[in-house]
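> Sequence and predicted structure, then a few things I'm wondering about:
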Number of protein chains: 2
Amino acid sequence: MKVGLLGLGTVGGGTAQLLLEKKEHFEELLGAELELTLAADLDASQKESLGLDDRIFTQDASRIVGNPEIDIVVETIGGMKVAKDFMLEALSAGQQVVTANKALLATHGREIHATAKANQTSVAFEAAVGGGIPLIRSIREGLLANRIESCMGILNGTSNFILTRMTQDNAPFEEVLALAQKKGYAEQDPTFDVEGVDAAHKLAIITSLVTGDYPSLEDIHMEGISKITPLDIQFANEFGFTVKLLAIMKNKGQKVQARVHPALVPHDHVLASVDGAFNALHITGDWVGDVLLYGLGAGREATASAVVADVVDLARDLLVKSRGRVPALGLAKSRGEHLELAPMEETSCQYYFRFTAADEPGVLAKVSRILSEHNISIETVIQKGRRSEGSVPIVMMTHEAVEKDVSAALARINALPQITEPIMLMRKA
Amino acid sequence: MKVGLLGLGTVGGGTAQLLLEKKEHFEELLGAELELTLAADLDASQKESLGLDDRIFTQDASRIVGNPEIDIVVETIGGMKVAKDFMLEALSAGQQVVTANKALLATHGREIHATAKANQTSVAFEAAVGGGIPLIRSIREGLLANRIESCMGILNGTSNFILTRMTQDNAPFEEVLALAQKKGYAEQDPTFDVEGVDAAHKLAIITSLVTGDYPSLEDIHMEGISKITPLDIQFANEFGFTVKLLAIMKNKGQKVQARVHPALVPHDHVLASVDGAFNALHITGDWVGDVLLYGLGAGREATASAVVADVVDLARDLLVKSRGRVPALGLAKSRGEHLELAPMEETSCQYYFRFTAADEPGVLAKVSRILSEHNISIETVIQKGRRSEGSVPIVMMTHEAVEKDVSAALARINALPQITEPIMLMRKA
């Protein structure tokens, strides 16, 4: 079994090291040799830092992609265009592919899997979601008897680290973000992580495993954590909730819902205690009930662990000449129809609102009347003493309400002259 | 693909229903028909209660076992002798076998897997540990790149239910056990569950996946929860711990440790919040770091979900003519040596002791001196006011100490005339 590795960054470098360090272990597992034959990176300095042999290191990816002597191609380049071209070329040549590239799968998954299928080969992607947590396998194989009714995931370690620190230290977003950037937990441009884009990519992949088709990314509602204040975290806590950035898939009604947004998780729910850089996916199946899978969602070692699990899995397929034994999205027969997500405006859940209002009599009455005119009933209200400059926060949890009604009501409330700041909204998990 | 089912009790009945109800779903997954061809039970009333067709139900297991028309035999009889005979006969005839029988695997796993291998077939056993949680797959396949350094599991739902209620209601063991029996969560003879035997069976299976061989059951240290009092739970709480019955495997030193006993879990550890009938396994791998798998560890639906996942997995093997594609214990090459566990007396950890002593001056000094003479140093002591009849509890947490030293010290302390009740001991997780 010959493996070629494209890209020696964090994950690729870890994968190379793992394949080399534990070569004998993988032979014990496979009963056959698993060789890292070639590892490519444009940056020649990676060769030194990883201590790679001259015979293994190359700057020329074309020695791997399409090379009939390489059985399994590991794509750890990241990014879109180059990674996609290499992947499609490798698949077209009948090579097996392992990838950790969630953005690529979430955007071009359909084309990639179709290419794999047409060439009787396969793409494995355990490392694309949840780092080292074996959640792709668990959904696709371990829980295959179930209709997966709901998935709720903490799938972005950076956001979870920031929210955890905001909660523990009562610190504002900007301050904790700066700390995370200093520690290397957040990128200099943190948009992908903190605005929910990365979590949405992972949610698209999970949704594809549940439904057999990829949703369109633009149909996934996406909200990040940058607007959350320590005040909201405190109020949520008073209501009995922890604030988490959740990726949510619901598969109970006619259409599947997929959305990423800050969410209020009840303190006694297992997801509430998933802190720091940890990821977790909470799955509800019609037969299995609730399952939680938890672990490090990123990082060199954990992600390499998942990449290599896929490499060995594909090697086992090759050994018994059964490429594509488990279809990429679980289904042998494609349903042949494109997945259409439910529009966000049809979502219904409980809402958290924080209004900042001029400290005048009658504001709460006005707000409540508008909400009630839009079928939104209030479960709990907290209105606390005067804050600086004559504004007070009015905070409430609603009973179950519909997103469309909420949008309409909030537009009207926002237009009230007594409302002095943008309304803060969060949804209950 | 033809499936025969042996035993229509809780799990078997659920499996039959699931295979029948979701026949089309499994065809979508497999691209081939998956038929429940025969289901056997001595008790003919099961036929009615499950609404089974005359052509499916039989009281004669020999129509399934060894029948060349049945590809996959599901053993959900439970117990030892009959289940084992059927399983070995089916394997010898080249049939694939799925089982949920942890006691059988833990006791005769070596013989069963050897028989499967000799006949080029396989035994799948996801349902044997952790009910619906896909943990066998996760350890064997998802985490295969790792040296698994430690597993800590809450693997018995009955014990966990009892401990959770004892903690929440401050109620004694006997009272909660009676409640659990009334609710059907505990057997009339609860020994297997509350004395750690069931958890030890599951730990033996987990250990086999980590090491490639089964340990001898008699070498697994086994302690249950029947001696734990609400007072111990309260003191543990004061020290910052929750009491759980843990199955622990450590694979860091020369020899593997495997033990089941009540353990003090720090409040902020994920296992501390696993309550009620839920199970969880906390795994630490050298590359993946910490992983937690959590879900319902028993029950008709959750366990059937795992059984059927195995059935489909074996059917996929049959479709690509690759029986035994993944070796039962992960390793293609057996290491050929029997696993020997480290003796319990070599274990070292932190200890919790509760001494009940006559309320006289100098007892604490005597106890402390004996401990120190056995290299046991005390981290924290709680000695509270007088209890009834002149006895007081002295409770302490030690620093790391060795089991052998602890046994010797406690034997001496126990012999002190001032010690009026047996010493309570728990270990830190």
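Happy to help now that I have it.

> Return the residues of the stretch 151-300 of chain A in contact with chain B.
Within the stretch 151-300 of chain A, the positions near chain B by C-beta under 8 Å from any C-beta of the partner chain are A:268, A:270, A:273-274, A:278, A:280, A:285, A:287-296, A:299. Placement of C-beta: from N, CA and C, glycine included.

> Inside strands: which ones of those residues?
The members of these that map onto strands under DSSP state E are A:Phe278, A:Ala280, A:Gly285, A:Gly289, A:Asp290, A:Val291, A:Leu292, A:Leu293, A:Tyr294, A:Gly295, A:Leu296.

> Now render those residues as CSV, adding neighbour count.
Listed next are these as CSV, based on neighbours: other C-beta atoms under 10 Å in any protein chain shown:
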residue, neighbour count
A:Phe278, 25
A:Ala280, 25
A:Gly285, 25
A:Gly289, 19
A:Asp290, 17
A:Val291, 30
A:Leu292, 23
A:Leu293, 28
A:Tyr294, 26
A:Gly295, 28
A:Leu296, 22
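
> Check whether A:Asp232 sits in a helix, strand or coil.
helix (DSSP: H, G, I helix; E, B strand; the rest coil).

> To what extent is it buried, counted in neighbours?
21 (other C-beta atoms under 10 Å in any protein chain shown).

> Test my guess that it contacts A:Met424.
Yes - contact between A:Asp232 and A:Met424 holds when scored by C-beta atoms under 8 Å: they sit 5.8 Å apart.

> so what's in contact with those two at the same time?
A:Tyr352, A:Arg354 (C-beta atoms under 8 Å, 6 or more residues apart in numbering or on different chains).

> Up against chain B, what does the stretch 301-429 of chain A have?
A:301-302, A:304-306, A:308-309, A:312-313, A:316-317, A:319-322, A:325-327, A:330-333, A:335.

> Buried among the residues you listed? Make that a PyMOL selection.
To isolate the buried members of those in PyMOL, using 16 or more other C-beta atoms under 10 Å in any protein chain shown:
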select buried, chain A and resi 301+302+304+305+306+308+309+312+313+316+317+320+322+325+326+327+330+331
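
> In contact with the nearest residue in space to A:Pro134 that is not next to it in sequence, which residues?
Once flanking residues are discounted, A:Pro134 sits nearest to B:Gly142: 2.4 Å by C-beta to C-beta, 6 or more residues apart in numbering or on different chains. By C-beta under 8 Å, 6+ apart, the residues touching B:Gly142 are A:Glu126, A:Ile133, A:Pro134, A:Arg137, A:Ser138, A:Ala306, A:Ala309.

> Which residue is the nearest non-sequential neighbour of the fifth one?
Read it as A:Ser138. That would be B:Pro134: by C-beta to C-beta, 6+ apart, it lies 4.5 Å from A:Ser138.

> With the fourth one instead?
Excluding its sequence neighbours, the residue lying closest to A:Arg137 (C-beta to C-beta, 6+ apart) is B:Gly142, at 5.1 Å.

> ok, that neighbour to A:Ala145 distance?
18 Å (C-beta to C-beta, to the nearest Å).

> next one: A:Val210
Distance, A:Val210 to A:Ala145, using C-beta to C-beta: 13 Å.

> The two: which has the busier surroundings?
Remark: of A:Val210 and A:Ala145, A:Ala145 carries more neighbours, 28 against 25, as counted by other C-beta under 10 Å.

> close enough to count as contact, that one and B:Thr303?
No - with contact defined as C-beta under 8 Å, A:Ala145 does not count as touching B:Thr303 (10.9 Å).

> Isn't A:Met222 up against A:Phe192?
No - the criterion here is C-beta under 8 Å, and A:Met222 misses it with A:Phe192 at 10.8 Å.

> Tell me which stretches of the stretch 51-200 of chain A form strands.
For the stretch 51-200 of chain A, applying DSSP state E, counting those that start in this stretch gives strands covering A:57-58, A:72-75, A:96-99, A:123-124, A:148-154.

> neighbouring contacts of the third one?
With C-beta under 8 Å, 6+ apart as the test, strand A:96-99 has contacts from A:71-76, A:83, A:87, A:90-91, A:105, A:116, A:121-125, A:127-128, A:307, A:310-311, A:314, A:317-318, A:323.

> same check, this time on the longest one
Outside strand A:148-154, the residues within contact range by C-beta under 8 Å, 6+ apart are A:130, A:139, A:160, A:199, A:202-203, A:206, A:210, A:244-252, A:263, A:271, A:274, A:278-286, A:297, A:429.

> who does that strand pair up with?
Strand A:148-154 has its sheet partners listed here by DSSP bridges as strand A:241-250 (antiparallel), strand A:278-285 (antiparallel).

> Now do it and strand A:289-296, the angle between them.
Angle, strand A:148-154 to strand A:289-296, by axes from the mean of the first three to the mean of the last three C-alpha atoms, to 10 degrees: 30 degrees.

> May I have the secondary structure class of the residue located most distally from the centre of chain A?
Here chain A reaches farthest from its C-alpha mean at A:Pro361, the gap being 44.5 Å by C-alpha atoms, centre = their mean. Taking three-state DSSP as the rule, one finds A:Pro361 in the coil state.

> Now it. Its backbone dihedrals?
phi -70, psi 150 (degrees, to the nearest 10).

> thinking again about what came up before, per-residue pLDDT, the residue nearest to A:Arg137?
On the pLDDT scale, B:Gly142 is placed at 97.

> any low-confidence regions in chain A?
A:385-389 (pLDDT under 70).

> for it, what spans make up the helices?
Assigned by DSSP state H, chain A shows helices spanning A:10-21, A:23-30, A:45-50, A:81-92, A:102-118, A:135-137, A:157-169, A:173-183, A:191-194, A:197-211, A:230-238, A:300-319, A:363-373, A:403-414.

> The shortest one: how far from the chain's middle?
In terms of C-alpha atoms, centre = their mean, to the nearest Å, the gap separating the centre of helix A:135-137 from the centre of its chain is 13 Å.
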